[in-house]
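Enquirer: Fold the stuff below for me.
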Amino acid sequence: MPGNAVRLLAAALVATLAVTAAPAASAAEAAPAGVTASDSFYTYAGSEPLASFAPGTVLKTRTLQYHLVGLPTPVKAVQLLYRTTDAQGRPSANVTTVVRSLTGDSGKAVSYQSFYDSLNPEDGPSRAIAGDLTLGGVIANAEVIFLVPLLLQGYNVVIPDTEGQTANFAAGPEYGTNTLDSIRAATRSAETGMNADTRFGLMGYSGGAIATNWAAALAPSYAPEVNSKLVGFAEGGLLVDPAHNLKYVDGSLVWSGVIPMAVIGVSRSYGIDLKPYLNSYGLEVYKQLEDGSIVDALGHYPGLTWKKLAKPQYADPNSVPAFVEAVNRINLGSAPTPSVPGFIAQGNGGALEGTFGNRPGIGTGDGVMVAGDVRALARQYCSTGNGAIRYQQFDLLSHVGVPVVWAPAAMSWLSDRFEGRNAPSDCGRIPAGNSLAPEKPVPAS
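Expert: Here you go, the predicted model:
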């Protein structure tokens, strides 16, 4: 094992222990030298309009030490500011991080999409890697436990800030374009060691699965040259139909805080104002979470429901036309079918995380993601021409429990794709799921 790999592994283990042992307050209070919100690297200020650059164009480059919980490691990371496209189709700038292969292999890479789920841009993986330490950013630090095995297997690893620089939480299409343009940028930069012939696998869980699946779905049309180099996508804990998820977590003991996060994310992503539909309590929660992360939401609002947030006449979320339009735009059931093989894993033990019952028309899930939606999407892919879909459901595991078994399975599945082995298929054996039809507006009461 190369010496730098040993040092990386040791640093990762130390960081993981620090994350699990240190009280949450220490992460929020620490202020090591590093990236700040005003860091000029994140801003494009060139004389040429951003729109004049092709998506994936590298705008800035820097090399720095890879930090874990604010501490520098011997590992070098290359960060790129690149041109991409936001949820509304406008040109934007975003940042990605590249850790070069420990073996110097330029031919294979994994684009790892983080599940940092936040409404605060300062919680992005690139900022954590550069040394900034926030409470929400602890998630990106802890994910090193997934990155180390990839590096030890000789992969280049690319880690995009999938939510963009305004933290557009849950905006799936933007997650996808940010991911695809990150790959473009990584293969166009001389500093990364990769090139147009580098093959890529996509990997992500939860929020990272949103980016992974949308990238795979959009690649044939948005980035065909990237699609031609994709070996496959591996994901778990996937958000498919956000309107279903909102109803599924309604009243949950742990995950109900995702409801206001989604309201804020949808508002921000698509430039709509949903605050007029909220009551005074809803506005209070909106303000509390406007710059919050999933860490601020989980378990902080036990039993919260949409009705508790909305004015009485908008007790049905489908009575808000702007919201219906937005959630339909981020429904993967209406997105194209990926053309590359996929491995999709999903838990179904939601009761373990305080989401109880079999919701009418929705069924059960892992506590936050709806299993019937994920099965329906996998079956849809099979029926629309992608016969290389592997689906695995863990009925006794919750959303937090699945990654323990998903991650090694995902890495093994990706390794087989890079080795050129035929992709296994569960098409024809996947149980029936839910309808993924677009939501329909209803009149306000």
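
Enquirer: all helices for the stretch 201-350 of the chain, in order.
Expert: Per DSSP state H, counting those that start in this stretch, the stretch 201-350 of the chain carries helices over the ranges 207-222, 224-227, 242-249, 258-270, 280-289, 294-297, 306-309, 321-329.

Enquirer: what's the most buried one of those?
Expert: Burial of the helices of the stretch 201-350 of the chain is given as mean neighbour count (mean count of other Cβ atoms under 10 Å); helix 207-222 ranks first at a mean of 26. (Each C-beta comes from the backbone N, C-alpha and C, glycine too.)

Enquirer: ok, back up a step: any idea which of the helices of the stretch 201-350 of the chain gets closest to residue 383?
Expert: Distance to residue 383, taken as Cβ to Cβ, is lowest for helix 207-222 among the helices of the stretch 201-350 of the chain, at 15.2 Å.

Enquirer: The closest one relative to helix 242-249, how many degrees between them?
Expert: 170 degrees (axes from the mean of the first three to the mean of the last three Cα atoms, to 10 degrees).

Enquirer: of the helices of the stretch 201-350 of the chain, which approaches residue 445 most closely?
Expert: Per Cβ to Cβ, nearest to residue 445 of the helices of the stretch 201-350 of the chain: helix 306-309, 11.3 Å.

Enquirer: mind putting the helices of the stretch 201-350 of the chain in a markdown table, mean pLDDT and distance to residue 49 included?
Expert: Conversion of these to a markdown table gives the following (pLDDT from 0 to 100; distance: least, Cβ to Cβ, whole Å):
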| stretch | mean pLDDT | distance to residue 49 |
| --- | --- | --- |
| helix 207-222 | 98 | 21 |
| helix 224-227 | 98 | 24 |
| helix 242-249 | 96 | 33 |
| helix 258-270 | 94 | 23 |
| helix 280-289 | 98 | 34 |
| helix 294-297 | 96 | 35 |
| helix 306-309 | 98 | 40 |
| helix 321-329 | 94 | 26 |
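
Enquirer: Redo those helices as CSV? Include distance to residue 70.
Expert: Compiled in CSV, the helices of the stretch 201-350 of the chain are given as follows (distance: least, Cβ to Cβ, whole Å):
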stretch, distance to residue 70
helix 207-222, 22
helix 224-227, 33
helix 242-249, 32
helix 258-270, 25
helix 280-289, 24
helix 294-297, 16
helix 306-309, 35
helix 321-329, 36
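
Enquirer: right, and the ones you listed - which one's nearest residue 355?
Expert: In terms of Cβ to Cβ, the element of the helices of the stretch 201-350 of the chain nearest to residue 355 is helix 242-249, at 6.1 Å.

Enquirer: quick one: contacts of that closest one?
Expert: 170, 239, 255-256, 258-259, 262, 266, 306, 317-318, 324, 327-328, 330-331, 355, 359, 362, 365, 367-370, 373, 434, 439 (Cβ atoms under 8 Å, 6 or more residues apart in numbering).

Enquirer: give me that answer again for 7 Å
Expert: Applying Cβ atoms under 7 Å, 6 or more residues apart in numbering, the contact partners of helix 242-249 are 170, 239, 255-256, 258-259, 262, 306, 317, 327, 330-331, 355, 359, 362, 365, 368-370, 373, 434, 439.

Enquirer: Just the CA atoms of that helix, as CSV, please.
Expert: Listed next in CSV are the C-alpha coordinates belonging to helix 242-249 (Å, rounded to 0.1, in the frame of the first residue of the first chain):
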residue,chain,number,x,y,z
PRO,A,242,-41.4,15.0,-3.9
ALA,A,243,-45.1,15.5,-3.6
HIS,A,244,-45.4,11.9,-2.3
ASN,A,245,-42.5,12.4,0.1
LEU,A,246,-44.1,15.4,1.6
LYS,A,247,-47.2,13.4,2.4
TYR,A,248,-45.1,10.4,3.6
VAL,A,249,-43.1,12.4,6.2
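
Enquirer: Just the angle for it relative to helix 258-270, thanks.
Expert: Here the directions of helix 242-249 and helix 258-270 differ by 160 degrees (the same axes, to 10 degrees).

Enquirer: Show the subsequent helix or strand relative to the longest strand along the chain.
Expert: In the chain, with assignment by DSSP state E, the single longest strand is strand 71-85. Once the chain leaves strand 71-85, the next helix or strand it forms, by DSSP states H and E, is strand 91-99.

Enquirer: That next one: partners in the sheet, and parallel or antiparallel?
Expert: strand 71-85 (antiparallel), strand 156-160 (antiparallel) (DSSP bridges).

Enquirer: Kindly reformat these as CSV containing mean neighbour count, mean pLDDT and distance to residue 185.
Expert: As requested, the strands paired with strand 91-99 are arranged in CSV below (neighbours: other Cβ atoms under 10 Å; pLDDT from 0 to 100; distance: least, Cβ to Cβ, whole Å):
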stretch, mean neighbour count, mean pLDDT, distance to residue 185
strand 71-85, 21, 97, 4
strand 156-160, 27, 98, 9
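
Enquirer: Reformat those strands as JSON lines; add distance to residue 389.
Expert: Converted to JSON lines, the strands paired with strand 91-99 look like this (distance: least, Cβ to Cβ, whole Å):
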{"stretch": "strand 71-85", "distance to residue 389": "27"}
{"stretch": "strand 156-160", "distance to residue 389": "24"}
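
Enquirer: Strands of the stretch 1-150 of the chain, start to end?
Expert: In the stretch 1-150 of the chain, the segments counted as strands under DSSP state E, counting those that start in this stretch are 58-68, 71-85, 91-99, 108-113.

Enquirer: Also the stretch 251-400 of the chain?
Expert: Counting by DSSP E, counting those that start in this stretch, one finds strands in the stretch 251-400 of the chain at the ranges 342-347, 389-394.

Enquirer: what's the angle from the first one to strand 389-394?
Expert: Okay, so that is strand 342-347. 10 degrees.

Enquirer: what's strand 342-347 packed up against?
Expert: Helices and strands touching strand 342-347, by 3 or more Cβ pairs under 7 Å, 6 or more residues apart in numbering; DSSP states H and E, are strand 230-236, helix 371-383, strand 389-394, helix 402-418.

Enquirer: which of the strands of the stretch 251-400 of the chain is buried the deepest?
Expert: Counting by mean count of other Cβ under 10 Å, strand 342-347 has the highest mean neighbour count of the strands of the stretch 251-400 of the chain, with a mean of 28.

Enquirer: Residue 203 is nearest to which of the strands paired with strand 91-99?
Expert: Nearest of those to residue 203, taken as Cβ to Cβ: strand 156-160 at 9.5 Å.

Enquirer: domain ranges for this structure?
Expert: Domain segmentation of the chain under automatic domain parsing yields 3-97+113-218, 237-445.
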